[in-house]
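**Q** Mind looking at a prediction? Sequence and model below.
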Amino acid sequence: MPETSQTITLRPAVLQWARKRANFSHSQLANKLKLKPEAIETWERSGEITFSRVNALAKHTYTPLGYLYLSEPPDDSLPIKDFRTRSDSPPQRPSPDLLETVYQMMSRQEWLKDEILYYGSTSLDFVGAFNLNSPPQEVVAVMNEVLQLKGGWAKTESNWTDALRTLRDCIDAANVLVFFNGIVGNNTRRKLDPEEFQGFALVDELAPLIFVNNADYKTAQIFTLAHELAHIFVGESGLSKFEDLSPTGCDHHATEEACNRIAAEFLVPTTELCKYWKACHHSSDPSKDNDTFKDVAINFKVSTVVAARRALDAKIIGRERFFNYYNQHKHKTWTGRTLNNARTGGNFWTNQYWRLGPRFANAVNHSLAEGRTTYTEAFKLTGLKAESFFKMPQKMGLHL
C-alpha cells in the first residue's frame with residue numbers, strides 16, 4: 001500500500017478546527033477536496049484520515065501541515081489587539097489570510113529592526129508621543145512636521161491614487177514602513193477581504209509599520225493610511241475595520257475613536273475646510289449635497305461621507321442634514337465592497353512598489369550584498385522567486 005494511502009488517526013477537534021478556521025462548511029471543503037461531505041464528517045468524528053488527505057486538507061485550508069498532528073487545536077488568535085470588535089460582540093475569528101499577513105509583516109519588522117540596530121540608528125521620537133486624549137490639532141501639527149507636508153497638499157494632487165502615493169512616500173521617508181497589498185504575499189488566488197479588515201499598525205520605536213488592505217476603495221485606503229499613522233503617533237498597535245463614521249450609536253474602542261478624530265483632522269483640517277466652504281459659496285440647500293460633498297471630497301481627496309462628517313464636526317451643517325446624507329450613502333463608501341475591487345492585476349513591478357516599497361526592498365538588497373542576509377531569507381522577506389528578485393534593483397530603481 002502506498003504510504004499516502006495509509007490511514008492514520010488524528011485528533012478530530014484539530015481536523016474540525018482546520019476546516020472552521022478557513023470558514024468552510026463540510027460541503028465547501030468536500031468540493032475543494034473532490035469528496036463527499038460525509039467523508040469530511042466521518043474523519044471529524046473519528047479522526048481517521050489518510051496521509052494524502054491530511055496533505056490536501058493542509059493545502060486547501062492554508063494550515064501548516066504540522067498543526068494537523070497536534071494533540072489539540074493551536075491558539076490562532078491575533079498577535080495584536082483587535083479593534084474591530086464591539087463590547088457586545090465576540091471577537092471575529094481571523095482568517096488564515098489575515099493571520100499570515102500579520103505574521104509576515106511582523107517578520108519584516110523584526111528583520112528591519114536588526115538592520116537598524118546594526119547601523120546604530122536611534123529611536124523615532126514621534127512614536128507614541130501622544131495619548132488618546134491629545135487634541136487632534138496638536139497631533140496633526142506634529143504629523144505634518146514629521147512628514148514635511150504643507151497645508152492644502154491634497155488639492156494639488158490630480159486624483160486619489162496620486163494623493164495616496166504622495167502620502168505613502170512621505171510616511172516612508174519618515175522611516176515608517178508602509179505596505180499595501182490586496183492579496184497574501186504575491187498569491188493572486190488569496191485575496192484579502194476588506195470586509196474582514198482594512199489595515200493595521202505595528203508600533204515600534206525603531207521600525208513602526210503600517211499595512212493597508214489594497215483590496216479596498218482608494219478613498220477608504222487614504223483614510224485607513226491616515227488612521228494607522230495616528231496609531232503610530234499614539235503608540236497603540238492594532239487591527240482596524242471601520243464600520244461607519246456615524247457620531248452616534250457606535251460603541252467603538254477609545255483607541256479607534258481617537259485615531260479616527262486624528263485621521264479626520266489630518267485629512268480635512270477644520271480651518272481649511274471652513275475657508276474652502278466659505279470661498280466656494282457652497283449651498284445650504286440639502287438637495288445639493290451630492291455636488292457639495294463631492295466637491296469637498298475632490299479637494300481634500302477623501303470620500304464624500306468623510307467630507308460630510310467633517311462638515312458636521314466643523315458645525316457647518318447640522319446633524320439632521322448629515323444623517324440624511326449619511327444614511328443614503330454610507331453603503332456606497334464603507335460597505336458593500338466585493339473582492340472584485342481588489343487591484344491585483346497590472347504591472348508586476350508597479351504592484352511591488354506598493355507591496356514592498358523601495359526603502360524596504362533596498363534594505364534587503366543592501367543586507368544581502370553585505371552578507372548579513374542569505375538568499376533564502378531575502379526571497380522569503382520579499383516574497384519573490386529568485387528570477388524576479390534579481391531583477392528587483394533595476395525594475396524598482398534601487399541603488400546599492
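**A** Done, it's in.
**Q** List the buried residues in stretch 43-50.
**A** Residues of stretch 43-50 classed as buried: 43-44, 47, 49-50 (neighbour count, 16 or more other Cβ atoms under 10 Å). C-beta: built from backbone N, CA, C; applies to glycine.
**Q** what's the answer for stretch 359-375, then?
**A** 359-368, 373.
**Q** Now secondary structure and distance to Arg19 too, for the residues you listed, in CSV please.
**A** Below are the buried residues of stretch 359-375 laid out as CSV (DSSP: H, G, I helix; E, B strand; the rest coil; distance: Cβ to Cβ, whole Å):
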residue, secondary structure, distance to Arg19
Arg359, helix, 40
Phe360, helix, 35
Ala361, helix, 37
Asn362, helix, 42
Ala363, helix, 39
Val364, helix, 36
Asn365, helix, 41
His366, helix, 43
Ser367, helix, 40
Leu368, helix, 40
Thr373, coil, 37
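**Q** re earlier: looking at the buried residues of stretch 43-50, which one is closest to Val140?
**A** Glu44 (52.5 Å; Cβ to Cβ).
**Q** Tell me who's in contact with the closest one.
**A** Listed by Cβ atoms under 8 Å, 6 or more residues apart in numbering, the contact partners of Glu44 are 12, 15-16, 19.
**Q** thinking again about what came up before, now, the buried residues of stretch 43-50 that are in helices?
**A** When these are checked against helices (DSSP state H), the matches are 43-44.
**Q** Mind listing what's buried along the helix or strand where Lys275 lies?
**A** Per DSSP states H and E, Lys275 falls inside helix 270-279. Within helix 270-279, the residues that count as buried by 16+ other Cβ under 10 Å are 270, 272-273, 276-277.
**Q** wait, isn't Leu15 in contact with Gly47?
**A** Yes. Assessed by Cβ atoms under 8 Å, Leu15 is found in contact with Gly47 at 6.7 Å.
**Q** which residues of the stretch 301-400 of the chain fall in helices?
**A** Using DSSP state H, counting those that start in this stretch, the helices found in the stretch 301-400 of the chain span residues 304-313, 319-333, 348-355, 358-369, 375-382, 386-395.
**Q** no, scratch that, I was asking about the stretch 1-150 of the chain
**A** According to DSSP H, counting those that start in this stretch, the helices that the stretch 1-150 of the chain contains are 12-21, 26-33, 37-46, 51-60, 96-118, 136-147.
**Q** For the shortest one, which outside residues touch it?
**A** Same thing as helix 26-33. So helix 26-33 is contacted by 19, 22, 24, 36-37, 39-41, 53, 56-57, 60-61 (Cβ under 8 Å, 6+ apart).
**Q** Now render those as a markdown table, adding pLDDT, distance to Tyr119 and neighbour count.
**A** Below are the contacts of helix 26-33 laid out as a markdown table (pLDDT from 0 to 100; distance: Cβ to Cβ, whole Å; neighbours: other Cβ atoms under 10 Å):
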| residue | pLDDT | distance to Tyr119 | neighbour count |
| --- | --- | --- | --- |
| Arg19 | 94 | 46 | 21 |
| Ala22 | 90 | 41 | 18 |
| Phe24 | 92 | 46 | 18 |
| Lys36 | 93 | 58 | 13 |
| Pro37 | 92 | 56 | 14 |
| Ala39 | 93 | 56 | 15 |
| Ile40 | 94 | 52 | 25 |
| Glu41 | 94 | 56 | 13 |
| Arg53 | 94 | 49 | 19 |
| Ala56 | 94 | 46 | 18 |
| Leu57 | 95 | 45 | 23 |
| His60 | 94 | 43 | 17 |
| Thr61 | 94 | 41 | 22 |
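**Q** Thanks a lot, catch you later.
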